[in-house]
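Enquirer: What follows is a predicted structure for the sequence shown.
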Amino acid sequence: MNEPVLVLNANYEPLNVCNLQRALGLLMSGKARMLEDGRGWVRTPRNQYPRPSVIKLEQMVRRPRPRVKLTKREIFRRDNYTCQYCGRQTHHLTIDHVMPRHRGGQHRWDNLVAACPACNRRKGGRTAVEAEMPLRHGPGEPTATAAYLFDRHLATNADWKKYLDGW
């Protein structure tokens with residue numbers, strides 16, 4: 001019952017991913033309709049229902065444009081798990097403040113980069129220019145496209161791709 005289900009707005013814009021139990025509740029209450037199934041059946045003592053993979057809401061839901069949350073994992077993902085100083089690609093990374101916090105640097109997208117522990121120690125409490133360690137790519141907030149937000153589910157849900165491509 002914890003399988004992911006893609007939820008689309010009435011205009012087919014991807015909204016979020018919910019679990020199977022929530023999706024079945026939306027379907028049975030008439031708030032959504034199923035667009036994709038093919039995962040088998042959910043059996044109850046009296047009935048059986050197809051397991052949805054993609055559902056579309058019947059009513060349009062207004063919401064602000066999504067933004068990517070500022071987390072350690074999202075910074076690593078934005079930087080493609082690559083140290084922004086030496087270019088080494090690894091999953092053993094740390095977060096570095098380009099302008100150190102003790103010198104007024106903020107904890108924001110444009111001041112945080114992924115760095116390997118060796119480069120982070122070498123840079124220390126200096127700026128990248130002072131340490132003579134130029135950045136490979138400038139830091140910034142990633143665009144919250146549907147492909148970026150939901151791509152971790154695409155490996156197991158290939159039928160979602162056609163709903164995510166246009167957004």
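Expert: Looks like it arrived, so ask away.
Enquirer: How many neighbouring residues does residue 115 have?
Expert: 26 (other Cβ atoms under 10 Å). Quick note: C-beta positions are derived from backbone N, CA and C, even for glycine.
Enquirer: Excluding sequence neighbours, find me the nearest residue to it.
Expert: Spatial nearest neighbour of residue 115, chain neighbours left out: residue 96 (3.9 Å); criterion: Cβ to Cβ, 6 or more residues apart in numbering.
Enquirer: ok, the one you found - contacts?
Expert: 84, 85, 112, 113, 114, 115, 119, 120, 123 (Cβ atoms under 8 Å, 6 or more residues apart in numbering).
Enquirer: For the residues you listed, which single residue is the most surrounded?
Expert: Of the contacts of residue 96, with other Cβ under 10 Å as the count, residue 113 tops at 28 neighbours.
Enquirer: Could you give the average pLDDT over the helix or strand hosting it?
Expert: Secondary structure from DSSP states H and E places residue 113 in strand 112-115. Taken as a whole, strand 112-115 has a mean pLDDT of 97.
Enquirer: gap between it and the chain center?
Expert: 18 Å (Cα atoms, centre = their mean, to the nearest Å).
Enquirer: What strands line up against that strand, and which way round?
Expert: In the sheet, strand 112-115 lines up against strand 94-97 (antiparallel) (DSSP bridges).
Enquirer: which of the residues in the strand it pairs with are buried?
Expert: For strand 94-97, a neighbour-count test (16 or more other Cβ atoms under 10 Å) marks 94, 96, 97 as buried.
Enquirer: can you pull the contacts of the closest residue to residue 147 other than its chain neighbours?
Expert: Spatial nearest neighbour of residue 147, chain neighbours left out: residue 164 (5.5 Å); criterion: Cβ to Cβ, 6+ apart. Neighbour list for residue 164: 6, 14, 146, 147, 150, 154 [criterion: Cβ under 8 Å, 6+ apart].
Enquirer: picking that back up, would you mind measuring from the residue nearest to residue 115 to residue 75?
Expert: 10 Å (Cβ to Cβ, to the nearest Å).
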